[in-house]
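1. just coords:
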Ligand code: HEM
Ligand SMILES: *[C@@H]1O[C@H](CO)[C@@H](O)[C@H](O)[C@H]1NC(C)=O
């Protein structure tokens, strides 16, 4: 099942950046606002679903999620990783912010490429994030479609730099 979802994500990946409509940008922002302070919960759900992602974090590799979830170190990492999305979501829907969106995404690609993180692992991360959103925000076809365009754009820029 997981493989199928990943395969669909790859197949659906866009060949270019597609601007979000004003309505889509506002749906992404309003739904993100419902979970943006659940950083620890989001990262824990991503680790639980993807042990191979957790394994790449030297501080957390091989440890039981319940034993690390409430630590300050985990909160710090969760704040950085989930906070990155808050930064991105804060910028979308405004044409003037497009250069900043590219710069942030290219920097993320560079730092993760240097760590040997694969684009397939980013695909796993994406699938888990969308799954988390679908279970924790007011979700529907329109919200799903808006996130899909936003994440396609993010992944298009990310993977173009891999
Ligand atoms: C869209 C998905 C992701 C986002 C937004 C994200 C974001 C970040 C950010 C902001 C940092 C800290 C700054 C930096 O070093 O660049 C970071 C560090 C890191 N990320 Fe990611 N990341 C993502 C996906 C992944 C994946 C899929 C993996 C592993 C398979 C990963 C592994 C790491 C590691 C190992 C670090 C360093 C942690 C440390 O300092 O010990 N990231 N990530
Ligand atoms: C769009 O972004 C620019 C540059 O960041 C900012 O000056 C402007 O106020 C923003 N416009 C809106 C409507 O948020």
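-> Looks like it came in fine. Values in this document were obtained by computation on a predicted structure and should not be read as measured data. Ligands and ions are numbered 1, 2, ... in the order given.

2. residue closest to the middle of the chain?
-> By C-alpha atoms, centre = their mean, the chain has its centre lying nearest to residue 126, at 5.1 Å.

3. now tell me what touches the helix or strand hosting that one from outside.
-> If you go by DSSP states H and E, residue 126 is part of helix 119-136. For helix 119-136, contacts defined as C-beta atoms under 8 Å, 6 or more residues apart in numbering pick out 2, 5-6, 9-10, 31, 34-35, 38, 41-42, 45-46, 49-50, 52-53, 56, 85, 112, 139, 143-144, 147, 151, 155, 158-159, 162. In short, each C-beta sits where N, CA and C put it, glycine included.

4. for it, buried residues please.
-> Of all the residues in helix 119-136, those buried under the rule 16 or more other C-beta atoms under 10 Å are 122-130, 132-133.

5. JSON lines for those residues, including distance to ligand 2 and pLDDT?
-> Listed next are these as JSON lines, based on distance: C-beta to the nearest ligand atom, whole Å; pLDDT from 0 to 100:
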{"residue": "122", "distance to ligand 2": "26", "pLDDT": "98"}
{"residue": "123", "distance to ligand 2": "30", "pLDDT": "97"}
{"residue": "124", "distance to ligand 2": "32", "pLDDT": "98"}
{"residue": "125", "distance to ligand 2": "27", "pLDDT": "98"}
{"residue": "126", "distance to ligand 2": "26", "pLDDT": "98"}
{"residue": "127", "distance to ligand 2": "31", "pLDDT": "98"}
{"residue": "128", "distance to ligand 2": "30", "pLDDT": "98"}
{"residue": "129", "distance to ligand 2": "25", "pLDDT": "98"}
{"residue": "130", "distance to ligand 2": "26", "pLDDT": "98"}
{"residue": "132", "distance to ligand 2": "27", "pLDDT": "98"}
{"residue": "133", "distance to ligand 2": "24", "pLDDT": "98"}
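
6. how close does the residue lying farthest from the centre of the chain get to ligand 2?
-> Relative to the centre of the chain, the most outlying C-alpha is that of residue 67, 23.8 Å out, by C-alpha atoms, centre = their mean. Between residue 67 and ligand 2 the computed distance is 42 Å (C-beta to the nearest ligand atom, to the nearest Å).
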